[in-house]
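J.: Below: sequence and its predicted model.
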Amino acid sequence: MTAVESDALITGATRRRPPSLRDAAREFWRHPSPWIISTLLVGATVARLVVGDWAWTDALVVGIVIGAFPFYEWLIHVFLLHWRPKQIGRLTLDPAVARKHRLHHADPRNIPLVFIPWRVLARIVPIDIAIALFAFPRVGLGLTFLVMIAGTGIAYEWSHYLIHTDYRPASRPYRAIWRHHRLHHYKNEHYWFGVSTSGVADRVLRTAPDPAQTATSPTVRDLHAREAG
């Protein structure tokens, strides 16, 4: 088996004709979450430019958000999206986003399942706006935070979506995140939780093993099946 064939097996790569980047972008904008997030991004950017009042702390917020986002992404993926349903008496604790994520693992090629549900964004966006307006000493600083949150959000949605299409990596940076996330879906769901970066948080938090030395999980397409069984 060649290295290319081996890589194809553990990343779910196909031989189907890949879409162009333009075709992929057309499909991307047919879904609600990119519009919700990009509207927030444009609105926050315009508001930030109007308010002005720039200071060095704006650059600090930019750096903190960029540095923290891979770890935020990792935490959400591990503790919320991979949540194991819990039974407390007659009550079952099983968030909708976790249920949807299990469907996403069962069918990684189902594009609508790739996106953040709009109902989730309908709750998150007002919270982000409230944080931006009331949790910072300056409105301008809060708006800088909001721009960065929306910017990282749309980058996440685009990266995650593109990885799950048949679009083939054309650059080394994109191939790195493409391979990293596909290992999570096609090799072992207990590792490689990063999506929009090529494993920054996974390397720090020790969830980026050597794929060649990692067993293929029998539950990679059926999360928690072993526990349920």
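T.: Okay, I see it.
J.: Please count neighbours and contacts with C-alpha atoms only from this point.
T.: Will do.
J.: following the lengthiest helix in the chain, which helix or strand shows up next?
T.: If you go by DSSP state H, the chain has its longest helix at helix 139-163. Next helix or strand after helix 139-163 toward the C-terminus (DSSP states H and E): helix 172-186.
J.: hang on, the earlier thing: just the angle for the longest helix of the chain relative to helix 172-186, thanks.
T.: Helix 139-163 and helix 172-186 meet at an angle of 70 degrees, taking axes from the mean of the first three to the mean of the last three C-alpha atoms, to 10 degrees as the criterion.
J.: tell me the mean pLDDT over helix 139-163?
T.: In this model, helix 139-163 has a mean pLDDT of 97.
J.: List the buried residues for that helix?
T.: Under the neighbour-count criterion of 16 or more other C-alpha atoms under 10 Å, helix 139-163 has 139-154, 156-163 buried.
J.: Hmm, Met148 and Gly142 touching each other?
T.: No. Shown here, Gly142 and Met148 do not form a contact pair, counting by C-alpha atoms under 8 Å, at 9.9 Å.
J.: just the strands in this structure please.
T.: If DSSP state E is used as the criterion, the strands of the chain fall at 86-88, 91-93.
J.: any chance of those in JSON lines, with mean pLDDT and distance to Tyr191 too?
T.: What follows is the strands of the chain, written out as JSON lines (pLDDT from 0 to 100; distance: least, C-alpha to C-alpha, whole Å):
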{"stretch": "strand 86-88", "mean pLDDT": "89", "distance to Tyr191": "22"}
{"stretch": "strand 91-93", "mean pLDDT": "89", "distance to Tyr191": "24"}
